[in-house]
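Chemist: Sequence plus predicted model, see below.
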Amino acid sequence: MRIEVDAVAGTLESSDALVRVSPAEELRIEVTSTVEAQFGAEIRRTVAEQLDRLGVTEGLISVQDKGALDFVIRARVQGAVLRGAQARPDWRKL
Amino acid sequence: MKAKKSPAERPSRSMLFVPGSNAAWLSTVQVYGADYVMFDLEDSVSVREKDTARLLVHEALKSPVWAGVPVVVRVNAINTPFFRDDLEAVVSAGVAIVRLPMVTDAQMIRHLDAELGVLEGKYGSVPGTTRILAAVESASGVVNAVAIATASPRMMGIALAAYDYAMDMHTTHDAAADESQLFFARCAILHAARVAKIHCYDVIYADVNDTEGFLREVAVIKKLGFDGKSLVNPRQIEPLHNAFAPTPEEVERAHRVVAAAAEAEKVGMGVVALDGKMIDAPIIAAAHRTIRLAQVSGVQVAGGVR
Amino acid sequence: MSGWQGRVPTDAVELAGLVPFAGPAPSTQADKDARRARKVVGSLTEAISRSGLGDGDTISFHHHFREGDLLILQVLAEVEALGIRGLTLASSSLNACHGDVVGYIERGVVSRIYTSGMRGTLAARISRGGLLPHPVQVHSHGGRAALMASGELRPKVAFLGVSACDEFGNANGTSGASRCGSLGYALVDAMFAETVVLVTEQVVAFPNTPAVIRQNRVDLIVVVERVGDPSRINVGATRTTTNPRDLLIARRATDVVEHGGFFVDGFSIQTGSGGAATAVTDYLGERMERRGVKAGWALGGITGSMVALHERGLVGRLLDVQSFDLVAASSLERNPGHTIVSASEYASPAAKAACVDELDVVILSALEIDLDYNVNVLTGSDGLMMGASGGHCDTAAGAKLVVVVAPLIRTRIPTIVERVTTLITPGSNVDVLVTDYGVCVNPRRPAVAERLAAAGIKVTTIEALFARALEICGRPRAVETTDEIVGVVRYRDGSVIDVVRAVAS
Amino acid sequence: MSGADGLETAVEDGCAIGLVDAARDARGLEQVRGLLKASGLGLDADVELFATARDASGRLLACLGLAGDVVKCAASAPEVRGEGVTARLMQRILDEASDRGRTHLFAFTRPGNRAILEGLGFHALAVTDDAVLLENTPFGLSSYVAGLARLRRPGRRIGGVVLNANPFTLGHRYLVERAASECDALHVFVVGEDASAFDAATRLRLVREGIAGLDLGEQVVVHPGSRYIVSRATFPNYFLAREDARASAAAGLDLQLFRTAIAPALGITDRFVGTEPLSPVTAAYNAEMRWWLAEAPLDAPPIAVHEVARLEVDGEAVSASRVRQGLASGDLDAVARLVPGPTLAHLRSLVSPGHRR
């Protein structure tokens, strides 16, 4: 899946995450989180794994996390990528 | 596949609405002890968020946060562009119950039934286990209530939604005012539920801060025989459950009825009697319902809760 | 000879070693201005100079104004201007409004701190290390009184902010414009400090009775424009809640209090601070009315909702070491059953008698609680100091039923941990944990567990709640710290129960 | 089920988020002006809409403005300070902006609000004593600068010129010629905002065609404008109709960005600018340029600033405004002496598209 356009998913509210994607030739992931000390590494792993499942190998991915649970982060990465790629979800592979 | 208890066993007094686009509520609402939580993809989700809310609900259903908790998802109405995607998103995540809004006739239920069958096949769910809750919101829906309620073995409940029904009936729905304009609709879907032996849910009470008005409406629907009510805020759960809780005397009597029935069965007597009065099957069934309700409501009976 | 001379046989053996009367001393009381000037000085600077404060001395304050305190920074500014350095700052607690103390530490004015807790930029900066030459000594409220009694903490000068006092130094915290209510913590400073300076917004006519800080303990009085903003007393910790999660926890905690075995006529209770804890007070009133049970007395931080129960005749006496809001502050003035206790009488293990030892039930909160029921209320799980020991370990040691209330998860941070980041209250003193996900009882208290089960309250284990939290949040990484000790946690008996290490940036 | 079914999304801190459309809600705009004034701020004319927070009685407690892709004009009453309300205001602004197809946003506010905005996903680009500029992605500037670096030219002395070129005149060409002559290579940036008489694409084309005539070949690189150089985000005053002689052009953010991000990518060592007789804002800009590029203590190498005297024709300095006045009065002959061929051809096409006189 290729990111064609800038796209955003999620919100800045507590327990949610705002994910922003833009097209690029290389893959760069940037995460800032209110629970960085406790879950920074785990959030980056979740984002990377979710991008991998979506087949995203290029793009600028920025995540602004406000203490969101893992399933929220997954859903927000999916939302931004699918909007960026203007694609429909394959519910089996999410 | 998660084992889905049959509706009869689960208490079904409260169905708490949660906007499918609100990550915070989807992460925390399971603590409030509602009998059902309903993730909404329809009216509480703006058009801009339909796609992301669908993903959020899909991932919530698959997450450990909601494992083992009975979740209903209200999808968008059949005639909307969102219906198919909503359905696929939730069935692929193993949803227990799909709530379909704007139901006007049995054909819609059969259409949903068929769609669910296809999706259960595609995603490996046990065929027929995804249940349906139909929301009736129009004159035709109310008039066709029995046909709707009996349209599929998947049906687990039927609910009334006031705002659209009132508009369809050229009247308005003001939660605090007297409810005569809903009386016929309530009776209609109640009868349909009893015919189909499924649950029956009343409208939401929107003004969370008006506890008296809420309790007035709860008293009305309990008297009519409703099983439960849709709620919009956790603060409405406890008042509702207290209102539906049987009194200690009712629980006491229910235990004696069950005991008498068991005694009669043991000695092979056909007719059960208690305090000189005959007790038939519906009374025994009602007694079991009262006992189950007492257990979940934590009603104290002499010698602790049995 | 005038009237008094020639009466004393100076050579009589019975008078050996006694001094004969040499005439009446000249009276200083005649001159009204002289009498007034005895204690009242013109400025903070003059008060500091006259107090003899020097390098390395200890200055102490009370925190009855909480986030509204304006005195500490005023005094430090004058102390710095006078070139005094290397002080020990011993406020009963420090708040977010004390962020500028960082500058005074960097400039060497303050080199050591004794406090019950800290939050905000000061706490975060200290938690990152490399600031204070000596680690912060973190004590409980009762522990502070014990440290003063033992002599380890003996302020050279106590600067006590009051809204009004008379020219002899009688003050009560319920008179004047900026009323803060109880002065329980200030009493300890007034008792043990070498020099007591009352910093007041107003000097009123003598006698300013009832006097909580009494004239005999006060050396100097100085008038300043403002010592504290009472409207910020209940900012933060003690706001009553409408949050459905806190109300759920409060309702469950009330069930535990009702069926825990101590809900009998005349029982005593402290409900502490925090959204859920204060909500318990309201629910408790309903249960007491329904069951016809009255409380003998309530202790601690007194809130408006506790005053309401007192005024409805449901709670006999209110023993107030600290007023948590202005309703409590004004109640002190009008309700004879509402009286002040000093921090020493409240909770000191060195006192001849402490109220906590007589307490039946206490509701406490927790930042972290571990599988042995040890509680941390000082450091967040990111290692930054953000709370206070307060009366936590004191009340937990004394009370017969100790109920800790806390949400299981605070935006993805589990409250239950395998091992608390900082130990404030040992698990052996904690009986029940109430969370929004369930209730669990310390295995050391089977009797309590039986009573709750018999009352139909679903009880689970702390391990099950811990597992559920990890299932939802994932496993948080432990905070990485350096070797530098930035805080020493003093248990209420003065012993060192834990240390706080600097957070690795 | 259509229509409001009363599903209440709990508003914890008790205030409701709303919107004021600057063009259609005069009463709301006045309330916003009052709140901004109370915080010592003016209401910029280019703000299209404000997200607002009101208490139960409808009193305005906080506001946040959107002007194009720039979030600014933030103010709040003392009792609602803190990130809670700002997060919800910003969320509404993000939604409104994305409805208008804008996802890459900038924020322009007082340094005191920096921490709050960084908590809302913004990244600081430049800071002066009275303003901080941020953008809502960590990749925006870095990607732009990476793109620029690919156009780097070798050489010890690399020049830089920023032109609005509205339109490109002989004066601009003279400036480019002089600058190119003193450097090994010259980078010419054309302002990208579509706020001038001639749109950005036309201005860029006329600059390229005008410079081609100088056959300097590879030595001069013409760059299209961007959000990071003389844009509504970096230099708002340039676009606001505030031609009064301002004490400062408030161009610190724009110049700081040029020195710390844009110049290092291209190795620019010298910046050339024409002396500015007519526009007080641009004159103030030149004065600030010397401070920010050459003197200010920043962790980026200083850049020499050269003010090149204006080219004069018929005894008067050549300027774009003079050309525009000539065009407006239809005096094409006077204009012809001020502009290079390609610009003249374009102007003629404007005056009589069908037939050439």
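Modeler: Noted; the coordinates are in hand.
Chemist: near chain B, which residues of chain C show up?
Modeler: For chain C, the residues in contact with chain B (C-beta under 8 Å from any C-beta of the partner chain) are C:244-245, C:247-248, C:251, C:408-409, C:436-437, C:454-456, C:471-472. No exception for glycine: its C-beta is placed from N, CA and C like everyone else's.
Chemist: Out of those, which is nearest to chain A?
Modeler: Nearest to chain A among the residues of chain C next to chain B, counting by C-beta to the nearest C-beta, is residue C:472 at 6.4 Å.
Chemist: The closest residue to that closest one other than its chain neighbours: what's it in contact with?
Modeler: Nearest non-adjacent residue to residue C:472, counting by C-beta to C-beta, 6 or more residues apart in numbering or on different chains: residue B:65, 5.1 Å away. Neighbour list for residue B:65: A:69, A:71, B:26-27, B:30, C:471-472 [criterion: C-beta atoms under 8 Å, 6 or more residues apart in numbering or on different chains].
Chemist: can you check residue D:216 too?
Modeler: Going by C-beta under 8 Å, 6+ apart, residue D:216 touches D:177, D:180, D:186.
Chemist: Give me the buried entries from those residues.
Modeler: Listed as buried from the contacts of residue D:216 are D:177, D:180, D:186; burial here means 16 or more other C-beta atoms under 10 Å in any protein chain shown.
Chemist: give the contact list for the closest residue to the first one other than its chain neighbours.
Modeler: Going back to what we said before, that points to residue D:177. Spatial nearest neighbour of residue D:177, chain neighbours left out: residue D:214 (5.8 Å); criterion: C-beta to C-beta, 6+ apart. Contact partners of residue D:214, counting by C-beta under 8 Å, 6+ apart, are D:173, D:176-177, D:180, D:220.
Chemist: buried sites along the helix or strand harbouring residue B:109?
Modeler: Per DSSP states H and E, residue B:109 falls inside helix B:106-123. Neighbour-count burial for helix B:106-123 flags B:106, B:108-109, B:112-113, B:115-116, B:119-120 (criterion: 16+ other C-beta under 10 Å).
Chemist: still on that earlier bit, sort out which one of the buried ones among the contacts of residue D:216 lies nearest residue B:218 for me.
Modeler: For the buried ones among the contacts of residue D:216, the closest approach to residue B:218 (C-beta to C-beta) belongs to residue D:186, at 79.1 Å.
Chemist: What are the phi and psi values at the closest one?
Modeler: Main-chain dihedrals, residue D:186, degrees, to the nearest 10: phi -130, psi 130.
Chemist: Could you do residue C:226 as well?
Modeler: When read as degrees, to the nearest 10, the backbone of residue C:226 gives phi -140, psi 140.
Chemist: For the residue nearest to it when sequence neighbours are not counted, list the residues it contacts.
Modeler: Nearest non-adjacent residue to residue C:226, counting by C-beta to C-beta, 6+ apart: residue C:70, 5.2 Å away. Contacts for residue C:70 (C-beta under 8 Å, 6+ apart) come out as C:161, C:226-229.
Chemist: Lowest-confidence one in those?
Modeler: Minimum pLDDT across the contacts of residue C:70 is recorded for residue C:229, with 91.
Chemist: If any of the residues of chain C next to chain B are buried, give me the ChimeraX selection for them.
Modeler: Once 16+ other C-beta under 10 Å is used to decide burial, the buried members of the residues of chain C next to chain B can be selected in ChimeraX as follows:
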select /C:244,245,247,248,408,409,436,437,455,472
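Chemist: now the end-to-end length of stretch C:419-429.
Modeler: The first and last residues of stretch C:419-429 sit 16 Å apart, counting by C-alpha to C-alpha, to the nearest Å.
Chemist: in it, what's buried?
Modeler: In stretch C:419-429, counting by 16+ other C-beta under 10 Å, buried: C:420-427, C:429.
Chemist: quick one: that stretch to chain centroid distance?
Modeler: A distance of 19 Å separates the centroid of the chain from that of stretch C:419-429, by C-alpha atoms, centre = their mean, to the nearest Å.
Chemist: Looking at it now, give me its mean pLDDT.
Modeler: Stretch C:419-429 comes out with an average pLDDT of 96.
Chemist: Name the residues of chain C found near chain A, please.
Modeler: Residues of chain C found near chain A (C-beta under 8 Å from any C-beta) are C:381-383, C:411-413, C:472-477, C:479-480, C:503.
Chemist: how does it look with 10 Å?
Modeler: By C-beta under 10 Å from any C-beta of the partner chain, the residues of chain C that approach chain A are C:380-384, C:409-414, C:472-480, C:503-504.
Chemist: Sort out for me which of these are in helices.
Modeler: C:472-473 (DSSP state H).
Chemist: hmm, stretch B:77-85 in reach of chain D?
Modeler: Yes: Stretch B:77-85 reaches chain D (C-beta under 10 Å from any C-beta) through B:77, B:80.
Chemist: ends of that stretch, how far apart?
Modeler: End-to-end distance of stretch B:77-85 (C-alpha to C-alpha): 12 Å.
Chemist: for the residue nearest to the spatial centre of chain D, what are its contacts?
Modeler: Chain D has residue D:231 as the residue nearest its centroid, 1.4 Å off, counting by C-alpha atoms, centre = their mean. Applying C-beta atoms under 10 Å, 6 or more residues apart in numbering or on different chains to residue D:231 gives the contacts D:68-70, D:106, D:191-193, D:195, D:225, D:238-239, D:254, D:257.
Chemist: again with residue D:220
Modeler: For residue D:220, the contact set (C-beta under 10 Å, 6+ apart) comprises D:153, D:159, D:161, D:176-177, D:179-180, D:183, D:185-188, D:208, D:211-212, D:214.
Chemist: Residue C:252 is in contact with residue C:438, correct?
Modeler: Yes: here residue C:438 reaches residue C:252: they are 8.3 Å apart, a contact under C-beta atoms under 10 Å.
Chemist: how about the strands in the stretch 301-450 of chain C?
Modeler: In the stretch 301-450 of chain C, the strands defined using DSSP state E, counting those that start in this stretch lie at C:315-323, C:338-340, C:361-364, C:368-370, C:375-376, C:401-405, C:409-410, C:413-414, C:416-417, C:432-435, C:438-441.
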